[in-house]
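Participant: Just need the structure, nothing else, for what follows:
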Amino acid sequence: MIVLATILIILGVILVAAVLILLVGNAKIRIVSQDQLRAFITICGIRYSVYPDKEDVPKKPRNLARCHNPEAVLRRELKRRQRIAAKAARKKIRAAKRSAKRTEKKVGVPPKYCPVPNLKENLEMILELAKKLVKTTRGKVKIKLKKLHIRVATDDAAQTALLYGVVIQLISYLFGFVEENYASIQRHDGDLVVEPDYNNSECSADIDLVFQAKLWRAILIVVEMENARDLEKKRAYRKAALREREQADQPRFDLKNILTRIRKDHSLWKTNLLSRK
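Facilitator: Next comes the predicted model:
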């Protein structure tokens, strides 16, 4: 009896902790663009790198002159590279085994033809998903602008001034549209800076943007968008199948039949004209 009560208490504590995490915890998407574009997802304080992948991020070489034991650093670096090479080799072996299994399954089985959506149908699917995302997240996601510094620069000073005015108007219109139709943007003085640079010839931007929502809302949004993606994908494939069926039902261009019909029509017109006389 004591063991059962202890298990129930532990399960209750775990359930209460999970409910508190869902209600109080936050999910964030942070987009940073300075030297390169980076994207992070933070769930309850735990950060995951989405783009670029950890393997794609170049590591800065250590300065061996400042190390107390350069030989140990070199040995560790050699071991690290050996581990990376062994991991890549294992990935190649697993991929080869999976491809071999797929070919074994497909032997003797004719491939099932499935119509592929064209560019128009894919664009329609993406547009519907974008509308669904805006409708689902409107008023439920907080937008924090930590930094947006844009420098406008061209080779000509007059073009720089014109481009600076255009960028100012576009940003003011975009921020007003987002705050009126989507959600308010939280920012402080000095976070948004647009300035012309007459000394350089290339434009630059430093962006730090955060999208934040409650964890339970983020889970609902992900589930709803996944269902919408499956629905729109099925609709796109249905449109592709209908398009190919309509193209197959259309009569083919046959020059012989067309010439035969023209001769018949001409002979009928000629006989009608002679009968009238």
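
Participant: Downstream of the helix or strand encompassing residue 135, the next helix or strand is which one?
Facilitator: If you go by DSSP states H and E, residue 135 is part of helix 119-137. Next helix or strand after helix 119-137 toward the C-terminus (DSSP H and E): strand 142-152.

Participant: List the contacts of that following strand.
Facilitator: The contact list for strand 142-152 (CB atoms under 8 Å, 6 or more residues apart in numbering) reads 160, 163-164, 167, 171, 178, 182-187, 191-197, 200, 203-213. In short, each C-beta sits where N, CA and C put it, glycine included.

Participant: In the helix holding residue 135, which residues are buried?
Facilitator: 121, 125, 128-129, 132, 136-137 (16 or more other CB atoms under 10 Å).

Participant: Repeat that for stretch 163-176.
Facilitator: Using 16+ other CB under 10 Å as the test for burial, stretch 163-176 gives 163-164, 167.

Participant: part of a helix, is residue 248?
Facilitator: Yes - counting by DSSP: H, G, I helix; E, B strand; the rest coil, one finds residue 248 located in a helix.

Participant: quick one: low-confidence parts of the protein?
Facilitator: 53-68, 103-113, 249-259, 261-277 (pLDDT under 70).

Participant: which one's the longest helix in it?
Facilitator: helix 70-106 (DSSP state H).

Participant: Any idea how far that one is from the middle of the chain?
Facilitator: 28 Å (CA atoms, centre = their mean, to the nearest Å).

Participant: Which of the three states applies to residue 35?
Facilitator: Three-state assignment for residue 35 (three-state DSSP): coil.

Participant: quick one: it from residue 204, how far?
Facilitator: Distance of residue 35 to residue 204, given as CB to CB, to the nearest Å: 10 Å.

Participant: Show me which of these two is the more surrounded one.
Facilitator: Per other CB atoms under 10 Å, whichever of residue 35 and residue 204 has more neighbours is residue 204, with 12 against 7.
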